[in-house]
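In: Sequence first, predicted model second:
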Amino acid sequence: MTVIRDGRRTETPNAVMTTLASPTQGGSRQAVWRVEMAPGAVGPVHAFDTEQVWTILDGAAEITVDGVVEVAGKGETVVLPADLERQVRADARSGMVAIVCAPGSTRVYRTGVVPACATEDGDKILPDWIA
């Protein structure tokens, strides 16, 4: 058993991710992180190569997947399929807080550049909060 007492915090221009468990934090095969987005914040258009599960803890978000837009609010869970472009937009008034889970092997692509909060991994990137 591993008890993780302090999450690893990664800040980007559009959100703060706090890693709760990952392959390098607790040795989990799953990555679990908390996402906090300020009111009106918009994430980049990108794709992940694995499925993700998002549970909204507070606020709401407009989530676009492959051109389809859904709004999810507090207490709702969204399953995002692999390999489809997505974008998350936090509610303009309340922002959004969520817990996200994905395999620790998850990689991102279609980002255009490798941001400072990630490591290049072939033609994909490994975000710091999943590592």
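Out: Now that the structure is in, tell me what you want to look at. Numbering: from 1, shown residues only.

In: The lowest-mean-pLDDT helix or strand in the chain packs against which elements?
Out: Here the helix or strand of the chain ranked lowest by mean pLDDT, DSSP states H and E is strand 118-121, holding a mean of 89. With contacts defined as 3 or more CB pairs under 8 Å, 6 or more residues apart in numbering; DSSP states H and E, the packing partners of strand 118-121 are strand 124-127. Quick note: C-beta positions are derived from backbone N, CA and C, even for glycine.

In: coming back round to it: quick one: buried residues of the least confident helix or strand of the chain?
Out: Buried residues in strand 118-121, defined by neighbour count with 16 or more other CB atoms under 10 Å: A118.

In: which other residues reach it?
Out: Under the contact criterion CB atoms under 8 Å, 6 or more residues apart in numbering, strand 118-121 has outside partners R107, V108, V114, I125, L126, P127, D128, A131.

In: List buried residues within those.
Out: In terms of neighbour count (16+ other CB under 10 Å), the buried residues within these are R107, V108, I125, L126, P127, D128, A131.

In: got the contact list for Q87?
Out: Per CB under 8 Å, 6+ apart, neighbours of Q87: V42, G43, P44, V45, H46, I63, T64.
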